[in-house]
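> just the structure for this:
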Amino acid sequence: MTIITLTKVLILAQLTSSGAQYIRHTLCAQLYRGTCRPSCFFQETQRPSTYDRLCFVGVCCRQADGTWSQWSAWSTCSVTCGQGERRRSRTCISGFCSGQDFQIQPCADNPCSTNRCGEEILHSRILGGQNILKCTWPYTPLVSIRVYYNPTLSNNFNFGNLTVCGGAIISDQYILTSAVCATALYGPNAAGVRHSTRVVIGNYDSRIVDYGRDGRPEDSIELEEVKIHKDYDNVTTSNNIALFKLRTRIQYNNCKLPACLEPQRTSTTSTRDVPEVDDTCIMASVGVKSNHIGEPSNIPQQARIKLYSRQLTEGIVRHVYPQFLPDGVVIGRTENPSVQTCLFDWGGIVVCRKSNKWWLRGIISTNNCLVSNGGTATPEPPIFITEVANYRQWIDTCVTNFHSCPTLPF
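The predicted model follows:
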């Protein structure tokens, strides 16, 4: 406090000889980084020392042009994702330097959600299911595959802006779905339908445009390319899995997040890590409300589902269902037989809880509503779910180099 007061006193001191304002030479140098010209000194015979002499403020105590150091390198960004800032600085080496000694610029304007798969970020048209909760896990990876009206196409493909399948976000440019959903979009002869198809991401109610907490709207993205697993069989629906590459990248927010993928499944891990009956699972999709009138649901539906292991699935099919078991699938069973998968639920997601995360265990391969007789058929028709972990190596290979992805011949 004493130093500040003394400084003010010295700066504001007025020594009147001719009504002019003076400042000590030492303060001119220290406070203004200036220099008193010798000719401007006020001659005081009682003050022989130059540094005790007085100097006219302003003209005589001139502020010398300063010299700045070079700018420092930019600092690291203050955040690793989202909107942050970085700084750089410089130092006044000599004289009086005008301008700022630091600069700030924005940085890291990228999403924070790329590595948050499966996490709870907030506190389907499956028959008999319930509406999903908007923008909450485990539903944020779910997408709608929608075909829009195109007057150049034949009536076979002009559905009138219809959601025909579901799918799952696995990265900001790739969607995992069923091969059933991809066959009409696959190959050079399907270019017209493919160009009329959009993957709608972050949509809750198909009647309106939905927005995330960041104000970003849902994405509606054109397909760039389609790949179907090389061993897919459209008769038996074995290996019923496909990948879509999007033409532009997804802008992640709380309504659009990728699914967690389990490691490649082997015969050893399937018996060691997968329970015979997994009752932590939920399925969600975008099909129809009713198998009688084919009325689409505006909001995706969800339902609890139990997944059986492949070993248990093989035993059930062998003794209960007189049918061929497709490769790569397991049986899913809802708690209530009247809750079924139906038209356009193909590609819908099945997520299961493990280690405090939701994992993408499967995608809906086939529906059972058309043969279930309203849930009263005996035995209850199965819902076949394609296990994603059986195809993790194929997925990784395709995402790494989509053009060399092992795929079904045209």
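> now the chain, which segments are flagged as low pLDDT?
1-65, 78-85, 95-98, 108-116, 118-130, 149-161, 267-273, 287-296, 322, 370-380 (pLDDT under 70).
> ok, residue 346 - contacts?
Going by C-beta atoms under 8 Å, 6 or more residues apart in numbering, residue 346 touches 165, 166, 177, 178, 180, 181, 285, 287, 364, 365, 366, 367. Backbone N, C-alpha and C define where each C-beta goes, glycine included.
> please redo it, this time with the cut-off set to 6 Å
Residues in contact with residue 346 (C-beta atoms under 6 Å, 6 or more residues apart in numbering) are 165, 178, 180, 181, 364.
> surely the last one is in contact with residue 341?
Yes - here residue 364 reaches residue 341: they are 5.5 Å apart, a contact under C-beta atoms under 6 Å.
> on that earlier part again, restricted to helices, list the contacts of residue 346.
180, 181 (DSSP state H).
> return the closest of the contacts of residue 346 with respect to residue 397.
Among the contacts of residue 346, residue 178 lies closest to residue 397 (C-beta to C-beta), at 18.8 Å.
> for the stretch 201-350 of the chain, what spans make up the helices?
For the stretch 201-350 of the chain, the helices defined by DSSP state H, counting those that start in this stretch cover 267-272, 310-319.
> look up phi and psi at residue 69.
Main-chain torsions, residue 69, degrees, to the nearest 10: phi -70, psi 170.
> tell me the contacts of it?
Residue 69 touches 90, 91, 93, counting by C-beta under 6 Å, 6+ apart.
> how far away is the last one from residue 72?
Just to be clear, that refers to residue 93. From residue 93 across to residue 72, the span is 14 Å (C-beta to C-beta, to the nearest Å).
> with neighbour numbers in mind, choose between those two.
residue 72 (13 against 10; other C-beta atoms under 10 Å).
> that older thread, and which of the contacts of residue 69 is nearest residue 147?
residue 90 (58.7 Å).
> contact partners for that closest one?
By C-beta under 6 Å, 6+ apart, the residues touching residue 90 are 68, 69, 71, 101.
> hang on, the third one in a helix?
No - when the secondary structure is assigned by DSSP: H, G, I helix; E, B strand; the rest coil, residue 71 falls in coil instead of a helix.
> ok, it - contacts?
By C-beta under 6 Å, 6+ apart, the residues touching residue 71 are 88, 90.
> start at 252 instead
Right, with 252 as the first residue, what we last looked at is residue 322.
> tell me the spacing between it and residue 345.
Distance, residue 322 to residue 345, using C-beta to C-beta: 17 Å.
> dump the residue contacts of the closest residue to residue 611 other than its chain neighbours.
Distances taken as C-beta to C-beta, 6 or more residues apart in numbering place residue 510 nearest to residue 611, at 3.8 Å, with adjacent residues excluded. Under the criterion of C-beta under 6 Å, 6+ apart, the neighbours of residue 510 are 368, 392, 419, 421, 611.
> out of the residues you listed, name the ones that lie in strands.
Applying DSSP state E to the contacts of residue 510, the entries found in strands are 419, 611.
> which helices and strands sit right next to the helix or strand where residue 443 lies?
Per DSSP states H and E, residue 443 falls inside helix 442-446. Packed against helix 442-446 by the contact rule (3 or more C-beta pairs under 6 Å, 6 or more residues apart in numbering; DSSP states H and E) you find no helix or strand.
> give the contact list for residue 635.
By C-beta under 6 Å, 6+ apart, residue 635 lies in contact with 580, 616, 617.
> name the nearest of those relative to residue 471.
Closest to residue 471, out of all of these and judged by C-beta to C-beta, is residue 616, at 25.9 Å.
> burial count for that closest one?
Neighbour count for residue 616, taken as other C-beta under 10 Å: 29.
> likewise for residue 516?
Other residues close to residue 516 by other C-beta under 10 Å number 19.
> thought it was touching residue 643?
No - with contact defined as C-beta under 6 Å, residue 516 does not reach residue 643; the gap is 7.1 Å.
> roughly how far apart are residue 594 and residue 604?
From residue 594 to residue 604 the distance is 28 Å (C-beta to C-beta).
> using PDB, write down the CA coordinates of the helix holding residue 443.
What follows is helix 442-446, C-alpha atoms only, in PDB (Å, rounded to 0.1, in the frame of the first residue of the first chain):
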ATOM      1  CA  ALA A 442     -27.900 -46.400 -58.200                       C
ATOM      2  CA  GLY A 443     -31.300 -44.800 -58.600                       C
ATOM      3  CA  VAL A 444     -32.700 -46.200 -55.400                       C
ATOM      4  CA  ARG A 445     -29.500 -45.600 -53.600                       C
ATOM      5  CA  HIS A 446     -29.500 -41.900 -54.600                       C
END
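> if you count neighbours, what's buried in it?
444, 445 (16 or more other C-beta atoms under 10 Å).
> with stretch 482-498 instead?
Across stretch 482-498, burial judged by 16+ other C-beta under 10 Å covers 483, 488, 489, 490, 491, 492, 493, 494, 495, 496, 497.
> could you dump these into CSV with distance to residue 559 added?
Formatted as CSV, the buried residues of stretch 482-498 follow (distance: C-beta to C-beta, whole Å):
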residue, distance to residue 559
483, 22
488, 18
489, 18
490, 19
491, 17
492, 19
493, 24
494, 26
495, 28
496, 32
497, 33
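> now, which of the residues you listed lie within strands?
Using DSSP E, 493, 494, 495, 496, 497 are the members of the buried residues of stretch 482-498 that sit in strands.
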